[in-house]
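J.: Pasted the sequence and its predicted model underneath.
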Amino acid sequence: MIRPDPKNRFVLQTDLGQDRIYIYKFDAHSGKLTPAETPFISFPSGDGPRHFAFHPNGDWMYSIQEEASTVEFFHYDSDAGGLARQQTISTLPSDYSGTNFSSEITVSPDGRFLYAANRLHNSIAVFSIAGNGRLIPVGDTLTLGDYPSYFTLAPG
């Protein structure tokens, strides 16, 4: 995945195989990308960062790790493009022991909830977002389909 930050000053790119999120300065005039002062953030070997989502406030970012089935919460420094780890939380119920690969992640437009898709468990994990950005598990909803790779929220 590759996407600009909310202020369009940096571009972030996941690399599942290298267990990194790369951060580039973005020159909107020329369209060029150059490595940020801290050019990447590493994850534990085998975690596999897949997608990320920014909170509407632009100060918080959430990354989903496909192989680890976790969500990582970061404080985002929009002036430097920096990420500071705050929390790691599983996308799976505590009693689940099977194989899983997480896929999509979305923050609700009002910034109150985060949703994370689980393939093989075939569910969407639901978290409330606390006032400090930390995630609180609410539960999960079965998708009633196999291997959900993508989902979107209906308006309203």
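T.: Arrived safely. Residues are numbered from 1 along each chain as shown.

J.: For the longest strand anywhere in the chain, which strands pair with it and how are they oriented?
T.: Criterion DSSP state E: the longest strand present in the chain is strand 32-42. Strand 32-42 has its sheet partners listed here by DSSP bridges as strand 20-27 (antiparallel).

J.: how long is stretch 61-80 from one end to the other?
T.: 14 Å (C-alpha to C-alpha, to the nearest Å).

J.: for the record, mean pLDDT for that stretch?
T.: If you average the pLDDT over stretch 61-80, you get 98.

J.: Give the buried residues for it.
T.: The neighbour-count check on stretch 61-80 (16 or more other C-beta atoms under 10 Å) flags 61-74, 76 as buried. All C-beta atoms are positioned from the backbone trio N, CA, C, and that covers glycine.

J.: picking that back up, I'd like the C-alpha coordinates of the longest strand of the chain written as CSV, please.
T.: The C-alpha coordinates for strand 32-42 follow below in CSV (Å, rounded to 0.1, in the frame of the first residue of the first chain):
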residue,chain,number,x,y,z
LYS,A,32,9.2,13.7,-6.4
LEU,A,33,9.6,11.5,-3.4
THR,A,34,12.8,11.5,-1.3
PRO,A,35,13.4,9.5,1.9
ALA,A,36,12.3,11.2,5.1
GLU,A,37,14.7,12.0,7.9
THR,A,38,13.7,8.6,9.4
PRO,A,39,13.2,6.7,6.2
PHE,A,40,11.3,3.7,7.6
ILE,A,41,10.0,2.0,10.7
SER,A,42,10.6,-1.7,11.2
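
J.: Fine, thanks again, bye for now.
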